[in-house]
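*Asks:* Sequence plus predicted model, see below.
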Amino acid sequence: MIKRPPPRPTTLPEEMPPPRSRYNRPRRPFSLRAFLVGVALGIGAGLGYAWVLNPVVEYSTEPWQLRQEDRDHYMVAVALAFAGDGNLERAVERILSLYPRGAPAHNPFQDFADAACRLATTGYVDSNSGRRAIRSMMTFYQLQGRTGCADALIPDIAAQPTVVVQIELPTPTLPPPATKTPTPPGAAAASPTPPRIIVPTSVPQRDFVLANVSTFCSEDISGVIEVFVQDFGRVGIPGQAVRVRWDGGQDTFYTGLKPERGPGYADFQMEAGREYIIEMPGRSDPSAQALGAVPCTTETGARAIISYRAVFLPRG
Amino acid sequence: MMRFMLSLLIGLVVGVGIGLYAGWVQFPVEYVNSPMTDLSQRFKDEYTVMIAAGYMADGDLMGAVERLRRIGVSNIPAYVQDSAERYITTSRDINDIRALVTLAEGLDRLTPIMEPYRLVNAPGAGQ
């Protein structure tokens, strides 16, 4: 006799799938809600660490990140470079580096004028160098049709009255050709009173230019302005007058009087603490930069007065 | 509870990673009001070239030196010499090189590599 298992009932009430509810849902391996909370907390912690506790060390500061004072001095450099190369496109590129990327520069040239104004109201204009730099800035923004308070604070050189100096030029009188009539003695001598000629300083005809001024510090040659006057072939020209002016005086000397230094050489001994302007009278403009007889230290550590080496070359 | 804590921990790790990436790489702190001494080398070079070009125009050596002090260089003649030689050896813009060489010459820092770029033959220079 075979025992058979009792037939399985098709459905049992106790094995029917229970209705789905939050209590009998299968559990996921992790909690999405906890994960999202963790991400949010982690982002906050990460940003706090990266921005506050341990921010990126800045190694690549750009001009737009500079403080106002240094931005102004950067603009000075842009203006000086423009005065040197006249390259407006490059100057504009340099100015735009003073503005953040993506932030439009609303009025960069007016910002330039405002920077010149700020500098003109500070001690920056106490030196010739500073005034010259601000004039370069003024030229730059005035060319773009902008104005600023520096226009009133720094007088324009061109607007200044022309200073007229009187120069007494000796006029050698050539002896007259021989005649049959004997000339009375003394008639062939130079005129006793040379005529006074008034020469304005703004004579446009200048055939020499102060091409280079360099400095050096030497114990043996202390406080000396060495002048070289050369022609197009860099050959020294003797007999050229060079004038040095300082506050309250002037002196004129000539090249070629020290032939061991070359035919175009001349020098002048400065007094410590004075500033000097050098020129070839009537043949060059005065030096734009005053040559100051300031102390310096030689390579051996000795104290001396700084010396200058100036080169005059034919214009063009 | 264990499941909750594990999920929270994984979320924290992922979140910290995202936060550090954003804070250091994508949106790093950008400093403003920086002094000129902090300028990147690229812009220090640019500034030096501008000052040298200005020196070519006005011959104001003292002014050029004073302006270069702003970028925090202690030995300005050596710095200008180094910049000029670097520009020459890396074949940079010829006008920039000439400006730097002129300034280097003004500072008595003319070296043989700069000779071809001199604009003015100053006799006796370097004595």
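*Replies:* Looks like it arrived, so ask away. Bear in mind the structure is a predicted one, so any value in this text is a computation, not a measurement.
*Asks:* what residues are up against whichever residue of the stretch 101-250 of chain A sits closest to chain B?
*Replies:* Going by CB to the nearest CB, chain B is nearest to residue A:129 of the stretch 101-250 of chain A, at 3.3 Å. (C-beta placed from N, C-alpha, C; glycine too.) For residue A:129, the contacting residues are A:289, B:60, B:62, B:63, B:66, by CB atoms under 8 Å, 6 or more residues apart in numbering or on different chains.
*Asks:* Helices - which of those residues land there?
*Replies:* B:62, B:63, B:66 (DSSP state H).
*Asks:* picking that back up, right, and the helix or strand after the helix or strand harbouring the residue of the stretch 101-250 of chain A closest to chain B?
*Replies:* Assigned by DSSP states H and E, residue A:129 belongs to helix A:128-143. Next helix or strand after helix A:128-143 toward the C-terminus (DSSP H and E): helix A:150-153.
*Asks:* Mind checking the pLDDT average for that next one?
*Replies:* With pLDDT averaged residue by residue, helix A:150-153 scores 82.
*Asks:* for chain B, what are the low-confidence residue spans?
*Replies:* B:119-127 (pLDDT under 70).
*Asks:* 80 instead, please
*Replies:* Residues of chain B meeting the criterion pLDDT under 80: B:1, B:29-32, B:119-127.
*Asks:* which helix of it spans the most residues?
*Replies:* helix B:2-21.
*Asks:* Show residues contacting it.
*Replies:* Applying CB under 8 Å, 6+ apart, the set of residues contacting helix B:2-21 is A:27, A:29-50.
*Asks:* near chain B too, which of those residues?
*Replies:* When the contacts of helix B:2-21 are checked against chain B using CB under 8 Å from any CB of the partner chain, the ones in range are A:27, A:29-50.
*Asks:* Please pick the buried ones from these.
*Replies:* The neighbour count (16 or more other CB atoms under 10 Å in any protein chain shown) marks A:30-31, A:34-35, A:37-39, A:41-43, A:45-47, A:49-50 as buried among the ones next to chain B among the contacts of helix B:2-21.
*Asks:* nearest to residue A:116, of those residues?
*Replies:* residue A:50 (40.1 Å; CB to CB).
*Asks:* burial measure for the closest residue to the closest one other than its chain neighbours, as a count.
*Replies:* Among residues not flanking residue A:50 along the chain, residue B:23 sits closest, at 2.3 Å (CB to CB, 6 or more residues apart in numbering or on different chains). Neighbours of residue B:23 under the rule other CB atoms under 10 Å in any protein chain shown: 23.
*Asks:* How about residue A:271?
*Replies:* Neighbours of residue A:271 (other CB under 10 Å): 11.
*Asks:* Quick one, grab the pLDDT at it.
*Replies:* The model's pLDDT for residue A:271 equals 89.
*Asks:* With residue A:211 as the reference, measure out to it.
*Replies:* 26 Å (CB to CB, to the nearest Å).
*Asks:* swap in residue A:283?
*Replies:* For residue A:283, the distance to residue A:211 equals 13 Å [CB to CB].
*Asks:* does residue A:114 really touch residue A:150, like I thought?
*Replies:* No. In this structure, residue A:114 is not within contact of residue A:150 by CB atoms under 8 Å, at 9.2 Å.
*Asks:* The two: which is more packed in?
*Replies:* The residue with more neighbours, out of residue A:114 and residue A:150, is residue A:150; 23 against 18, by other CB under 10 Å.
*Asks:* where does residue A:265 land on pLDDT?
*Replies:* 91.
*Asks:* how near is it to residue A:214?
*Replies:* To residue A:214, residue A:265 is 15 Å away according to CB to CB.
*Asks:* same deal with residue B:84?
*Replies:* Applying CB to CB, the value for residue B:84 to residue A:214 is 15 Å.
*Asks:* Compare these two (neighbour count), which wins?
*Replies:* Neighbours per residue (other CB under 10 Å) separate residue B:84 from residue A:214, with residue B:84 holding more: 31 against 23.
*Asks:* and the stretch 101-250 of chain A, which residues reach chain B?
*Replies:* Residues of the stretch 101-250 of chain A that fall close to chain B, judged by CB under 8 Å from any CB: A:127-130, A:132-133, A:136, A:210-216, A:226, A:228, A:230, A:234, A:236.
*Asks:* just the buried members of these?
*Replies:* Buried residues within those, counting neighbours by 16+ other CB under 10 Å: A:128-130, A:132-133, A:136, A:210-216, A:226, A:228, A:230, A:236.
*Asks:* In a markdown table: the contacts of residue A:129, plus neighbour count and distance to residue B:74.
*Replies:* Listed next are those as a markdown table, based on neighbours: other CB atoms under 10 Å in any protein chain shown; distance: CB to CB, whole Å:
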| residue | neighbour count | distance to residue B:74 |
| --- | --- | --- |
| A:289 | 22 | 24 |
| B:60 | 25 | 21 |
| B:62 | 17 | 17 |
| B:63 | 22 | 19 |
| B:66 | 16 | 14 |
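*Asks:* Between these, which sits nearest residue A:245?
*Replies:* residue A:289 (13.4 Å).
*Asks:* and stretch A:298-309, does that touch chain B?
*Replies:* Yes. Interface with chain B: stretch A:298-309 contributes residue A:309 (CB under 8 Å from any CB).
*Asks:* List the buried residues for that stretch?
*Replies:* Buried residues in stretch A:298-309, counting neighbours by 16+ other CB under 10 Å, are found at A:304, A:305, A:306, A:307, A:308, A:309.
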